[in-house]
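In: quick check, what structure comes out for this input:
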Amino acid sequence: MSRSKRYKFNPETLAYEIHKISVKTRFSKGFGLFLLSVAISVGYYFIYTHYMGMETPKLLSIRSENADLANRLALMNRRFEEANRILNALEIRDNYVYRPIFGMEEIPQDVRDAGFGGVNRYSYLESVDRSGILTSTVMNMDQLYKKAFIQSRSFDEVSQLAKSADEMALCVPAIPPVNIAASKIRFSSSFGYRPDPFNGVYRMHNGIDLSGPVGEPIYATGNGKVVEIGFDFFGYGNYIIIDHGFGYKTRYAHLKSSLVSMGRQVVRGEHIALMGNTGRSKGPHLHYEVLYRNRPVNPQNYYNRDIDSESFLALVSTSSQHKG
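Out: Predicted coordinates:
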C-alpha cells in the first residue's frame, strides 16, 4: 500500500477502501495537539516554579544582575562614608584652626548641612527602590556634594585672607593705645560686667579704662581708616572710631581732642588723640574698645600686657617714620 494513501476496511463491501480525511478534521486535530502542548508547558512551568521552587533562567539572570548592582551601590556607599569622614575632619580643622587664625567665624553645622531636612526630596525613588539602598546612595551623594561645595568656598575665603596676611598683621589692633609701661598710666577698669562708677549698678563694660593725665598721647593700635569722629555728652564724650578692615574696629573715648580728620588713613603707632575727661567720666582716662564684626571683645587679648616703655616708644617712633 502506498504510504501517501490511507485505507479503511469497509465491512459492507468486505474490501479496503481509500479513506479520505477532510481539511477541517486535520485542522481540528492539529489545533487540539497545539492546545495540549501549551497546557503541558504551562503545567510543567507551574510545577517547576511553584512546587519545586525553581526559577527560570531569565529570572535567575535578572536576580544576578540586581545582586551585582546592589553590591556596587553598597561599595559606593562605603566610599561615600569614608569621603564624608575625611570631609568632617577637614570641617573641624577649618572651624577651629584655619578660620580662627584669620579672625573668621566658624561655619555653623546647620549651614553645612542645610537643605537635607524637612520635605522628603527622595520620594520619587520609593516606587523603584524597595530596599532603600538606591535612596541612600543618592542622599549620600547629594550631602557630600553640598558639604564639599561649602568647604571649598570656605577654603577660598581663607586662601584670600592668607594672601593678604602681611596687610592683616599690620591692621589687627596689636599694641596698647597708650604707653602702659609709663608710671603715670594706670589700668583702672577691665572688660566685662562691673559696678557702674556713677550708680553702682552692674553693667557690661565693653572696653578697658586706662587712667592718666589730661593731654597724654593716644596712638592708633593698627593700620586703618578713621570712619567716625563725634561727641557724646552722656556717654563717650569726644571719641574716634577707626576701621582696620578684616572685621576689626577700635574706639577711643573721653578724649580731650582728636588729632585726625574723617576719612584719614592712619598707621599703627600714629599719634591720633589726647587723653581727656569728656562725656560720662569721673576723671581723665581713655576708654578703649576693640570690636570684631561689630561685637565688643576684650582688648587685652590683642596686645602684650608686659611691653616695656622702650619697646613701645620704638614701635611708635617706627610707625611715625613710615607715616612720614
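In: contacts, neighbours, all on C-alpha from now
Out: Noted.
In: count the neighbours of Asp94 for me.
Out: Each residue near Asp94 was counted by other CA atoms under 10 Å, and the total is 19.
In: oh, that last question was meant for Glu81, not what I typed.
Out: 15.
In: can you check Val316 too?
Out: So Val316, with other CA under 10 Å, has 22 neighbours.
In: try Ser136
Out: Going by other CA under 10 Å, the residues that sit close to Ser136 add up to 16.
In: which strand or helix spans it?
Out: Secondary structure assignment for Ser136, by DSSP states H and E: helix 133-163.
In: tell me the buried residues in that helix?
Out: 134-137, 139-141, 143-144, 146-148, 150-151, 154, 158, 161 (16 or more other CA atoms under 10 Å).
In: and that helix, how far out from the chain's middle?
Out: 7 Å (CA atoms, centre = their mean, to the nearest Å).
In: so what secondary structure elements neighbour that helix?
Out: For helix 133-163, the packing partners by 3 or more CA pairs under 8 Å, 6 or more residues apart in numbering; DSSP states H and E come out as helix 57-93, helix 109-112.
In: which SSE is immediately downstream of that helix?
Out: On the C-terminal side of helix 133-163, the closest following helix or strand by DSSP H and E is helix 165-171.
In: on that earlier part again, comparing the helices and strands packed on helix 133-163, which comes out most buried?
Out: helix 57-93 (a mean of 14; mean count of other CA atoms under 10 Å).
In: show me this structure divided up by domain.
Out: 7-51, 70-163, 173-323 (automatic domain parsing).
In: tell me the centre residue of this protein?
Out: Arg112 (3.2 Å; CA atoms, centre = their mean).
In: quick check: that one vs His285, distance?
Out: For Arg112, the distance to His285 equals 46 Å [CA to CA, to the nearest Å].
In: and what of Gly269?
Out: From Gly269 over to His285 (counting by CA to CA), the distance is 19 Å.
In: got the contact list for Asn140?
Out: 77, 80-81 (CA atoms under 8 Å, 6 or more residues apart in numbering).
In: low-confidence ranges, the stretch 101-250 of the chain, go.
Out: For the stretch 101-250 of the chain, residues meeting the criterion pLDDT under 70 lie at 101-103, 114-121, 124-131.
In: quick one: strands adjacent to whichever strand or helix holds Ile241?
Out: Taking DSSP H and E as the criterion, Ile241 maps to strand 237-245. Taking DSSP bridges as the criterion, strand 237-245 forms sheet pairs with strand 224-232 (antiparallel), strand 248-258 (antiparallel).
In: distance between stretch 172-182 and the chain's centre?
Out: 37 Å.
In: alpha carbons of it, as CSV, please.
Out: The C-alpha coordinates for stretch 172-182 follow below in CSV (Å, rounded to 0.1, in the frame of the first residue of the first chain):
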residue,chain,number,x,y,z
VAL,A,172,44.9,93.9,63.7
PRO,A,173,44.9,96.2,66.9
ALA,A,174,48.0,94.6,68.4
ILE,A,175,49.6,97.3,70.5
PRO,A,176,48.3,99.3,73.6
PRO,A,177,46.7,102.7,72.8
VAL,A,178,48.9,104.4,75.4
ASN,A,179,52.3,103.7,76.9
ILE,A,180,51.1,101.3,79.6
ALA,A,181,54.6,100.9,81.0
ALA,A,182,54.8,104.6,81.9
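In: distance to Ser64 added to the domains of the chain, as JSON lines?
Out: Shown next, in JSON lines, are the domains of the chain (distance: least, CA to CA, whole Å):
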{"stretch": "domain 7-51", "distance to Ser64": "18"}
{"stretch": "domain 70-163", "distance to Ser64": "10"}
{"stretch": "domain 173-323", "distance to Ser64": "60"}
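In: at which residues are the helices of the stretch 201-324 of the chain located?
Out: 309-323 (DSSP state H, counting those that start in this stretch).
In: got a list of what Glu82 touches?
Out: Counted by CA under 8 Å, 6+ apart, Glu82 has zero contacts.
In: give me the pLDDT for it.
Out: Per-residue pLDDT puts Glu82 at 84.
In: kindly report the same for Leu35.
Out: At Leu35, pLDDT is 77.
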